[in-house]
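with the sequence up front, the predicted model follows.
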Amino acid sequence: MIDKIFASVDAAVDDIPDGASIMIGGFGTAGMPDELIEGLIASGARDLTVINNNAGNGDVGVAALIAADRVRKIICSFPRQTDSHHFDAAYRAGKIELELVPQGNLAARIQAAGAGLGAIFTPTGYGTLLADGKETRNIKGRDFVLEYPIHADFALIKAEQGDRWGNLTYRKTARNFGPIMAMAAKVAIAQVSRIVPLGEIDPEIVVTPGIFVQRVVEISPTSRRFLEREEAACPN
Amino acid sequence: MSKLSRDEMAARVAQDIPDGSYVNLGIGLPTRVADFLPAGREIVLQSENGLLGMGPAPAAEGADPELINAGKQPVTLLAGGSFFHHADSFTMMRGGHIDICVLGAFQVSIYGDLANWHTGAADAIPAVGGAMDLAIGAKRTFVMMEMFTREGSSKLVERCTYPLTGIGCVSRVYSDIGVFDVGAPGVRVVELIDGLTVPALEAMTGLSFSG
């Protein structure tokens, strides 16, 4: 029998070692798996390489991981924002390495890893600083840059519904990088708002088929972690 | 001679977006174009973070933190809209499925090169987001910008001095003093604000325009 459901966040992220590469879903805070990241911080793992679109917003999620000094390197498209103060401070202090990747190349390289491709030729970035030193090729009159897949040891993503086979649906623009990161990581861990019995998700609307997901944890609006976080945000 | 306001520039860009277009509006100034799309045209807005058929901002109580635009502000979804993941979103751009994208710029060259992601300053933290994909992927890339910096130098230039976003990717520039076509043959005036002449423009910018 297949059962990918983990009883707790802590159990789901417990074996992430120091030095691991971790894809983290989310565009800004939409789709950011805050509870899994809290579990990762509690686990103590450090020297992490994080792949995310941004470099943290405010004080939770990737921002909290950076503030806790756990991230050695970040691969992202858009680090600098009005609320990226934890990244900005770590970067200016020379404590974090930045690899800047155009957003579409980031998505394509993650997808290429999941799809088992050796490399891609992309037109994005040709002739710019972000293609400096990279191999290029002119194909049928257009210039392309050779870019390699981005793999990761783990992916932490947020989804809406999940079942024990790992099938997932998402909610609105929280979907963003979740489906492609699940494919590209050796171990994809999804926090979901609701675990449902096998067969309840209409197969026509499954977005991530279970083969791409190894662990599912429910973070329901009535869970202890969720309530604690809400309470911390509004003490009254 | 009175320069166009930012809203007037946005309205001018909106006039040139045909019925039935799929459009991506960059963050910052281009976002305003959405407020001026002419009534009676069905124009579908795409947002890089995975939605097509983006609607206006909701009333404060209707804001959903999981329904946002590329600028991470709450938006709404129109009937017929859809959600998709990031690889599909950038397939729409890079694959040439978006008809028009409108971007802001630090500089545009008369040959259509774009610089809009990095000033190159030593202490700046660079951020590129989707700019490089959008610039080269859409069927037509429009730039919307004020013609001069605060210091008075022209942002339309012979050659960009800031790091490039894309080469030869911009087809038209909408500015506060006129509209210009750019590309391999150089720059051509489409229209100028009342009272501005081509010789005066050439004196102000140091560029030569064909008319």
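Ah, there it is. Numbers count the residues shown, from 1 in each chain, chains lettered A, B, ... in the order given.

so how far is B:Pro74 from the residue located most distally from the centre of chain B?
Residue farthest from the centre of chain B, counting by C-alpha atoms, centre = their mean, is B:Glu61 at 30.1 Å. From B:Glu61 across to B:Pro74, the span is 11 Å (C-beta to C-beta, to the nearest Å). Every residue, glycine included, has its C-beta placed from N, CA and C.

now swap in A:Asn54 and tell me
Distance from A:Asn54 to B:Pro74, by C-beta to C-beta: 17 Å.

quick one: the residue farthest from the centre of chain B is in a helix?
Yes: B:Glu61: assigned to a helix according to DSSP: H, G, I helix; E, B strand; the rest coil.

OK, contacts around it?
With contacts defined as C-beta atoms under 8 Å, 6 or more residues apart in numbering or on different chains, B:Glu61 has no neighbours.

before we move on, what about B:Thr205?
Counted by C-beta under 8 Å, 6+ apart, B:Thr205 has contacts B:Met147, B:Ser154, B:Leu156.

tell me which residue of chain A lies closest to chain B.
Of all residues in chain A, A:Gly104 sits closest to chain B, at 3.3 Å by C-beta to the nearest C-beta.

how about B:Arg159, secondary structure?
coil.

looking at A:Asn54 and B:Pro74, which is more packed in?
A:Asn54 (27 against 17; other C-beta atoms under 10 Å in any protein chain shown).

not counting its neighbours along the chain, what's nearest that one?
Counting by C-beta to C-beta, 6 or more residues apart in numbering or on different chains, A:Asn54 lies nearest to A:Phe78, which is 5.4 Å off, once chain neighbours are set aside.

that neighbour: neighbour count?
That count, for A:Phe78 with other C-beta under 10 Å as the rule, works out to 27.

show the pLDDT at it.
For A:Phe78, the pLDDT comes out at 97.

of the contacts of B:Thr205, closest to chain A?
Taking the contacts of B:Thr205 together and measuring to chain A by C-beta to the nearest C-beta, the closest member is B:Leu156, at 19.4 Å.

count of residues packed around the closest residue to that closest one other than its chain neighbours?
Among residues not flanking B:Leu156 along the chain, B:Val108 sits closest, at 5.6 Å (C-beta to C-beta, 6+ apart). Around B:Val108 there are 29 other residues, counting by other C-beta under 10 Å.

and if you look at the one 3 residues further on?
The local packing count at B:Tyr111 equals 18, with neighbours defined by other C-beta under 10 Å.

are we agreed that it is in a helix?
No: according to three-state DSSP, B:Tyr111 belongs to no helix; its state is coil.

what's the spacing between the host helix or strand of the residue of chain A closest to chain B and its chain's center?
Using DSSP states H and E, A:Gly104 sits in helix A:103-115. Relative to the centre of its chain, helix A:103-115 is centred 12 Å away, using C-alpha atoms, centre = their mean, to the nearest Å.

just the helices from chain B, written as ranges.
Using DSSP state H, the helices of chain B run over residues B:6-15, B:86-94, B:131-137, B:198-205.

most tightly surrounded among these?
helix B:131-137 (a mean of 30; mean count of other C-beta atoms under 10 Å in any protein chain shown).

still on that earlier bit, and the helices of chain B as CSV, adding distance to A:Met183 and mean pLDDT?
Below are the helices of chain B laid out as CSV (distance: least, C-beta to C-beta, whole Å; pLDDT from 0 to 100):
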stretch, distance to A:Met183, mean pLDDT
helix B:6-15, 38, 98
helix B:86-94, 9, 98
helix B:131-137, 20, 96
helix B:198-205, 49, 96
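
which stretches of chain B form strands?
Ranges of strands within chain B are B:22-25, B:44-47, B:51-55, B:76-83, B:100-103, B:107-109, B:114-115, B:140-144, B:156-157, B:170-174, B:178-181, B:188-192, based on DSSP state E.

the last one: which residues count as buried?
Buried residues in strand B:188-192, counted by 16 or more other C-beta atoms under 10 Å in any protein chain shown: B:Leu192.

please apply the same query to the longest one.
Within strand B:76-83, the residues that qualify as buried by neighbour count (16+ other C-beta under 10 Å) are B:Thr76, B:Leu77, B:Phe83.

now tell me what touches that strand from outside.
A:170, A:172-173, A:175, B:50-58, B:62, B:67.

just how off-centre is it within its chain?
The answer for strand B:76-83 is 22 Å, by C-alpha atoms, centre = their mean.

most neighbours among the contacts of B:Thr205, which one?
Per-residue neighbour counts (other C-beta under 10 Å) across the contacts of B:Thr205 peak at B:Leu156, which has 24 neighbours.

dump the residue contacts of that one.
By C-beta under 8 Å, 6+ apart, B:Leu156 lies in contact with B:Gln107, B:Val108, B:Ser109, B:Ile110, B:Met147, B:Val173, B:Ser175, B:Phe180, B:Val182, B:Val187, B:Thr205, B:Leu207.

swap the cut-off to 10 Å and go again
B:105, B:107-110, B:143, B:145, B:147-148, B:173, B:175, B:177-178, B:180, B:182, B:187, B:201, B:205, B:207, B:209 (C-beta atoms under 10 Å, 6 or more residues apart in numbering or on different chains).

sorry, back to before: turn the contacts of B:Thr205 into a markdown table, including pLDDT.
Formatted as a markdown table, those follow (pLDDT from 0 to 100):
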| residue | pLDDT |
| --- | --- |
| B:Met147 | 98 |
| B:Ser154 | 98 |
| B:Leu156 | 98 |
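
name the nearest of these relative to A:Glu99.
Proximity of those to A:Glu99 (C-beta to C-beta) peaks at B:Leu156, which lies at 32.5 Å.

need the pLDDT of A:Ile37.
Confidence at A:Ile37, expressed as pLDDT, is 98.

what pLDDT does B:Ala124 get?
pLDDT, B:Ala124: 87.

what do you get for A:Ala184?
Per the predicted model, pLDDT is 98 at A:Ala184.

check the one 10 residues further on too.
As summarised for this prediction, A:Arg194 has a pLDDT of 96.

excluding covalently adjacent residues, which one is nearest to it?
A:Gln161 (5.2 Å).

what's the answer for B:Asp194, then?
That would be B:Met1: by C-beta to C-beta, 6+ apart, it lies 6.7 Å from B:Asp194.
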